[in-house]
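J.: sequence? don't have it. structure:
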């Protein structure tokens, strides 16, 4: 072979060798690492490789895996402490897999409330008022969250009991005190229905409008109730605002051990201080003293949350039906949810099952007789799903 022929042969071999330039790009996951919160949805953006993708999880009970297109929806389960979980994405070809590790944190929602009334800081008997609740997490407002307002005690009428937070994390309830109500306190609970976090505020009901004279020293609300994310943990990082009114400024705020109060000095009536939980379970009072020595107090409690056992996520199997025509055909099914441990079995030996992690490959046994329909059962704990396999002629030779 002459030199020109050798050059042509080398060029031909390079073109047929796969050279790398025609390979699909590597799999990319966005975000590459981040913090997630229990019950708060998130989305993975997957690119590169060859779709469809399969997502497997190191902790399927916390974040289940499954089949995916360019977007993979995540909804972390409830945790009581920071928990790491790794997700691995494989594609439909031989592109190297990609992984990402997340930290899932307890969903501790901070709930604050503000009263608007013609008799502020009280609600006059027979009059209307509004309460604006603000939901935030790590100082970030939570929009589009369902909020429930309910009366815990007292004669408050909640005319609009539920709402959805706006872009600033605020939801509004309209209240009314009956015209024959006596002077007393009423308790209103504000609940974030997604996380179960709640806060309670105490509102004063006045039998008549306040006089034009000086107000006595008041704090509003005069009760703060916090609860933790689990039945073994008290709240940490939740905060509430308390307004100080009347009396003679300036005011000194005397903190309660286990509750961070800022600021500790207020210069004018209507000023507010913040009370923030630290994880310590407490029951006591924050005292406010004015310039004359008059005092008012805010009752504070921080208790473990209500036990919640959401159980494993629902078992999902896709697709629900496949077809096999001959021994050269295979079909792949994907499953997620359940307990994270899966058993995949065929009701007839004609269909062979090869299960790995969150996927199973189905094929025909060349030595079997072929019924027209075979069921493949995917089981996880007490849950099971059925995939219908249609065996269409011609069969194996």
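T.: Here it is on my side, so go on. Please read these numbers as outputs of a predicted model, since none were measured by experiment.

J.: could you give the bridge partners of residue 318?
T.: For residue 318, the beta-bridge partners under DSSP bridges are residue 334.

J.: next: residue 385.
T.: Counting by DSSP bridges, residue 385 forms beta bridges with residue 378.

J.: enumerate every residue touching it.
T.: The contact partners of residue 385, by C-beta atoms under 8 Å, 6 or more residues apart in numbering, come to 315-317, 320, 335, 377-378. Using the backbone N, CA and C atoms, a C-beta is placed for each residue, glycine as well.

J.: could you redo the last one with a cut-off of 10 Å?
T.: Residues near residue 385 by C-beta atoms under 10 Å, 6 or more residues apart in numbering: 314-318, 320, 333, 335, 337-338, 376-379.

J.: PyMOL command to pick out the buried ones of those?
T.: Typed into PyMOL, the next command selects the buried ones out of these (criterion: 16 or more other C-beta atoms under 10 Å):
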select buried, resi 315+316+317+333+335+337+338+376+378+379
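
J.: would you check which pair of the contacts of residue 385 lies furthest apart?
T.: Using C-beta to C-beta, the two most remote members of these are 314 and 376, lying 18.7 Å apart.

J.: need the pLDDT of the residue nearest to residue 371 when sequence neighbours are not counted.
T.: Nearest residue to residue 371, sequence neighbours excluded (C-beta to C-beta, 6 or more residues apart in numbering): residue 348, at 6.0 Å. Looking at residue 348, its pLDDT reads 92.

J.: burial check on residue 348, number of neighbours?
T.: A count of neighbours around residue 348, defined by other C-beta atoms under 10 Å, yields 16.

J.: you'd agree it is up against residue 324?
T.: No. Taking contacts as C-beta atoms under 10 Å, residue 348 lies outside contact range of residue 324: 11.8 Å.

J.: which residues are common contacts for those two?
T.: 370, 374, 389, 391.

J.: and the gap between the third one and residue 54?
T.: Okay, so that is residue 389. Using C-beta to C-beta, to the nearest Å, we find residue 389 at a distance of 20 Å from residue 54.

J.: so which of these two has more stuff around it?
T.: The neighbour count for residue 389 versus residue 54, taken as other C-beta under 10 Å, is higher for residue 389 (25 against 22).

J.: same question for the helix or strand hosting the more buried one, mean pLDDT?
T.: Using DSSP states H and E, residue 389 maps to strand 383-391. Mean per-residue pLDDT for strand 383-391: 90.

J.: can you point out the buried residues in that strand?
T.: Neighbour-count burial for strand 383-391, with 16+ other C-beta under 10 Å as criterion, is recorded at 383, 385, 387, 389, 391.

J.: the first one against residue 337, yeah?
T.: This points to residue 383. Yes. If you go by C-beta under 10 Å, residue 383 and residue 337 touch, sitting 7.9 Å apart.

J.: mind pulling up the pLDDT for residue 182?
T.: At residue 182, pLDDT is 72.

J.: one more: residue 65?
T.: For residue 65, the model assigns a pLDDT of 89.

J.: do the same with residue 106
T.: Taking residue 106 on its own, its pLDDT is 71.

J.: got the phi and psi for the closest residue to it other than its chain neighbours?
T.: Nearest non-adjacent residue to residue 106, counting by C-beta to C-beta, 6+ apart: residue 229, 4.0 Å away. Here is the backbone geometry of residue 229 (degrees, to the nearest 10): phi -80, psi -10.

J.: is it correct that residue 229 is in contact with residue 236?
T.: Yes. Taking C-beta under 10 Å as the definition, residue 229 is a contact partner of residue 236 at 8.6 Å.

J.: where in the stretch 1-150 of the chain is pLDDT low?
T.: Low-confidence segments of the stretch 1-150 of the chain, defined by pLDDT under 70: 1-23, 33, 39-40, 80, 107-118, 120-121, 137-139.

J.: which stretches in it count as helices?
T.: Using DSSP state H, counting those that start in this stretch, the helices found in the stretch 1-150 of the chain span residues 3-16.

J.: now the strands for it?
T.: Taking DSSP state E, counting those that start in this stretch to define them, one finds strands in the stretch 1-150 of the chain at 28-30, 33-37, 42-47, 53-57, 66-68, 71-74, 83-90, 98-105, 110-117, 122-124, 128-137, 140-141, 146-153.

J.: out of those strands, nearest to residue 359?
T.: strand 53-57 (5.6 Å).

J.: now do the buried residues in the closest one.
T.: For strand 53-57, a neighbour-count test (16+ other C-beta under 10 Å) marks 53-57 as buried.
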